[in-house]
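1. Model the structure of this input:
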Amino acid sequence: MDKSRALRMSGELKGRSVADWAIGDLRDYGKSALIFRASKAGSAAILKLFDPEIVERYGEDVQRERVSRERLLIGKNHPHLVTILDAGEDGGFFYVVMEEVPGKPLSRALAELRRSQIWPLIGQIASAAEYLESLGLAHRDIKPDNINVTDDSSNAVLLDLGVLKPFAGKSVTDSEKLPFIGTLQYSSPEFLKRVEEPTPDGWRALTFYQLGAVLHDMIMGRRIFSDQEEPFGRLVDAVTYIDPEIKAGDVPPELISLARTCLSKKPEHRLTYIKWSEFQPRDLSGSSLAGIKDLVKRNAEAAMGVRIEIEDVAQKQRTIRAKTSQLQFDLQRFLHEEVIGNNLFPPISTRDYPSQNANVATTAFSFASASSLGLVNRLHIVVRTSLVDLGAELVEIEATAFLASKNSPPLPPENLNVEGERLFVGSFEEMLVRGRLIMALYKALARAQEQAADVGDEFLFLKLG
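-> Below you'll find the predicted structure:
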């Protein structure tokens, strides 16, 4: 609907009523509907009237089904989801009535968004999407234009439920030809091509992607793929193949990693490596690394008395192996920078283990026994890095810590096959990964110091959690 048609229709409709809702001023309009302020029995609300021409073009049955889906939410309330008050057909119009939400669209608030509010806001939006999932519904069009935020950036509300999808039952809006629904720029690759899995998990994978796209916009202060919007084909290619850059030094690295993981091109990666709880803010100030360091220091003093789509498969494998090697090098650098010159640690030895898989790298970090530091046995920490998604730099990092006799070989055997504890999963962010690895290092050392007797010929495995 263009502006001239919207203004003409609004002039004709103002002062009339639909389902006893008195039509007031035009607030906004879109491709298929007009948005009015309305009132009924002293109550103010927002009235959405669908353009009869658009309805006729796509079919009344389609619109009737869409409106009936929104009726499902009458009487259902969530603090961060727009409240539906009424919906149906009257006077030749399909309509939806909803509460008036304060603020403005997130898309128009990106420039002044306070950085400290990014995590609370994405948490609020995710909670609304999770609530819809609990009702057996998927939103399918989560984007900044469909989110209102208050002027102080403290509260967000998810709007526009026009393409809701129930998990159960056949969809009227999704014909056998499976037309595209929603907003291309904020759709996952599988949904763009309409090859999504029409299951609760499949819809959750789409929701996670769209939440990641919204998170991208808040972090970067611009629309995702804003430099690829024209012509249309470039935008399609961007959604399908390009991993958007997400970098910022003034937001927690956890958010950077979460956004990049959400935007993985593969839905199975999103489902495997993201949980609803990760969208909720966490207090990161209370890290206990300092406490673990103090414990290691106290134990040592007690013992001392005082003191990264490629053209061909072979090239792709080389690229994956190079990226995996770089990740392995980074992990080694993190540990060596912490240990070298640190009088809490005995000398360190490092051994890389060969792997048949280009995306897997394994390194053992070994410390000699040092009674002066309270370390009776040799300490080995084996770290395995798996590159899951090259484009999103999605990695899994596992570690196994164990003790061996002080008289055993200085490095662990190659055939040692033990299940490690997960230290990190998500898009590789140096600050975040470094912190997790160093924390595991100090925990292993502290627990090794607590083992006062020689372990003999057997390995003694240490918990890092």
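
2. partner residues bridging residue 382?
-> residue 364, residue 400 (DSSP bridges).

3. Contact partners for it?
-> Residues in contact with residue 382, defined by C-beta atoms under 8 Å, 6 or more residues apart in numbering, are 362, 363, 364, 365, 399, 400, 401, 412, 416, 418, 420. (C-beta placed from N, C-alpha, C; glycine too.)

4. which residues sit in contact with the third one?
-> Spelled out, it's residue 364. Residues near residue 364 by C-beta under 8 Å, 6+ apart: 350, 351, 353, 380, 381, 382, 383, 411, 412.

5. from those residues, which single one is nearest residue 75?
-> The closest of the contacts of residue 364 to residue 75 turns out to be residue 383 (C-beta to C-beta; 52.5 Å).

6. that older thread, please, a ChimeraX command that selects the buried ones among the contacts of residue 382?
-> Only the buried members of those enter the following ChimeraX selection, criterion being 16 or more other C-beta atoms under 10 Å:
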select :362,363,364,365,399,400,401,412,420
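
7. quick revisit: if any of the contacts of residue 364 are buried, put those into a ChimeraX selection.
-> Remark: buried members of these, expressed as a ChimeraX selection using 16+ other C-beta under 10 Å:
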select :353,380,381,382,383,412
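
8. between the contacts of residue 382, which is nearest residue 111?
-> When the contacts of residue 382 are compared for distance to residue 111 (C-beta to C-beta), residue 399 wins out at 41.8 Å.

9. Need the contact partners of stretch 42-59.
-> Everything outside stretch 42-59 that qualifies as a contact, by C-beta under 8 Å, 6+ apart, is 1, 5, 9, 13, 18, 21, 23, 27, 31-39, 63, 85, 92-101.

10. could I get it in PDB with only the CA atoms?
-> This file holds the C-alpha atoms of stretch 42-59, laid out as PDB (Å, rounded to 0.1, in the frame of the first residue of the first chain):
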ATOM      1  CA  GLY A  42     -13.400   4.500  27.200                       C
ATOM      2  CA  SER A  43     -10.500   2.200  26.500                       C
ATOM      3  CA  ALA A  44      -7.800   3.200  24.000                       C
ATOM      4  CA  ALA A  45      -6.100   0.700  21.700                       C
ATOM      5  CA  ILE A  46      -4.500   0.200  18.300                       C
ATOM      6  CA  LEU A  47      -6.700  -1.100  15.500                       C
ATOM      7  CA  LYS A  48      -5.100  -2.800  12.500                       C
ATOM      8  CA  LEU A  49      -7.300  -2.900   9.400                       C
ATOM      9  CA  PHE A  50      -6.300  -5.100   6.500                       C
ATOM     10  CA  ASP A  51      -6.600  -3.600   3.000                       C
ATOM     11  CA  PRO A  52      -9.500  -5.300   1.200                       C
ATOM     12  CA  GLU A  53      -7.700  -5.200  -2.100                       C
ATOM     13  CA  ILE A  54      -4.700  -7.100  -0.700                       C
ATOM     14  CA  VAL A  55      -7.100  -9.500   1.000                       C
ATOM     15  CA  GLU A  56      -8.900 -10.100  -2.300                       C
ATOM     16  CA  ARG A  57      -5.600 -10.600  -4.100                       C
ATOM     17  CA  TYR A  58      -4.300 -13.400  -1.800                       C
ATOM     18  CA  GLY A  59      -7.700 -14.800  -0.800                       C
END
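
11. and it, how far out from the chain's middle?
-> Remark: stretch 42-59 is offset 34 Å from the chain centroid, using C-alpha atoms, centre = their mean, to the nearest Å.

12. in the stretch 201-350 of the chain, which ranges drop under the pLDDT threshold?
-> Across the stretch 201-350 of the chain, the ranges flagged by pLDDT under 70 are 284-295, 297-313.

13. one step back: out of the contacts of residue 364, which comes closest to residue 252?
-> Using C-beta to C-beta, residue 383 comes nearest to residue 252 of the contacts of residue 364, at 23.5 Å.

14. isn't that closest one right up against residue 399?
-> Yes - using C-beta atoms under 8 Å, residue 383 is in contact with residue 399, at 4.9 Å.

15. Now for those two: what residues contact both?
-> Common contact partners of residue 383 and residue 399 (C-beta under 8 Å, 6+ apart): 420, 423, 437.

16. Next up, the contacts around residue 161.
-> Going by C-beta under 8 Å, 6+ apart, residue 161 touches 69, 70, 73, 82, 84, 96, 139.

17. Put together a markdown table for these, with neighbour count, pLDDT and distance to residue 341 on each row.
-> Converted to a markdown table, the contacts of residue 161 look like this (neighbours: other C-beta atoms under 10 Å; pLDDT from 0 to 100; distance: C-beta to C-beta, whole Å):
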| residue | neighbour count | pLDDT | distance to residue 341 |
| --- | --- | --- | --- |
| 69 | 21 | 91 | 63 |
| 70 | 22 | 93 | 64 |
| 73 | 22 | 94 | 61 |
| 82 | 23 | 97 | 57 |
| 84 | 20 | 96 | 63 |
| 96 | 25 | 96 | 66 |
| 139 | 26 | 96 | 53 |
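
18. Show only the entries of the residues you listed found in strands.
-> Counting by DSSP state E, these place 84, 96 in strands.

19. Closest one to residue 187 out of the contacts of residue 161, please.
-> Of these, the one sitting nearest to residue 187 (C-beta to C-beta) turns out to be residue 139, at 12.0 Å.

20. Pull up the gap between the closest one and residue 130, please.
-> Distance, residue 139 to residue 130, using C-beta to C-beta, to the nearest Å: 11 Å.

21. Kindly report the domain assignment for this structure.
-> For the chain, automatic domain parsing gives the domain ranges 3-98, 104-279, 289-462.

22. Work out the gap between stretch 6-17 and the centre of the chain.
-> With C-alpha atoms, centre = their mean, you get 42 Å for stretch 6-17.

23. Who's the closest spatial neighbour of residue 160, skipping the chain neighbours?
-> Nearest residue to residue 160, sequence neighbours excluded (C-beta to C-beta, 6 or more residues apart in numbering): residue 146, at 4.3 Å.

24. If you could redo that for residue 81, that was the one I meant.
-> Using C-beta to C-beta, 6+ apart and skipping the chain neighbours, the partner closest in space to residue 81 is residue 128 (4.1 Å).

25. neighbours of that neighbour, just the number please.
-> Neighbour count of residue 128, defined by other C-beta atoms under 10 Å: 21.

26. can you check residue 282 too?
-> Neighbour number of residue 282 under other C-beta under 10 Å is 12.

27. SS state for it?
-> What DSSP: H, G, I helix; E, B strand; the rest coil gives for residue 282 is coil.

28. what helix or strand does the nearest residue to it once chain neighbours are set aside sit in?
-> Counting by C-beta to C-beta, 6+ apart, residue 254 is the residue found nearest to residue 282 once chain neighbours are left out, at 7.5 Å. Counting by DSSP states H and E, the element that carries residue 254 is helix 253-262.

29. Distance from that helix to the middle of the chain?
-> Chain-centre distance of helix 253-262: 6 Å, with C-alpha atoms, centre = their mean.

30. just checking, next helix/strand downstream of it?
-> Note on helix 253-262: by DSSP H and E, the next helix or strand toward the C-terminus is helix 267-273.
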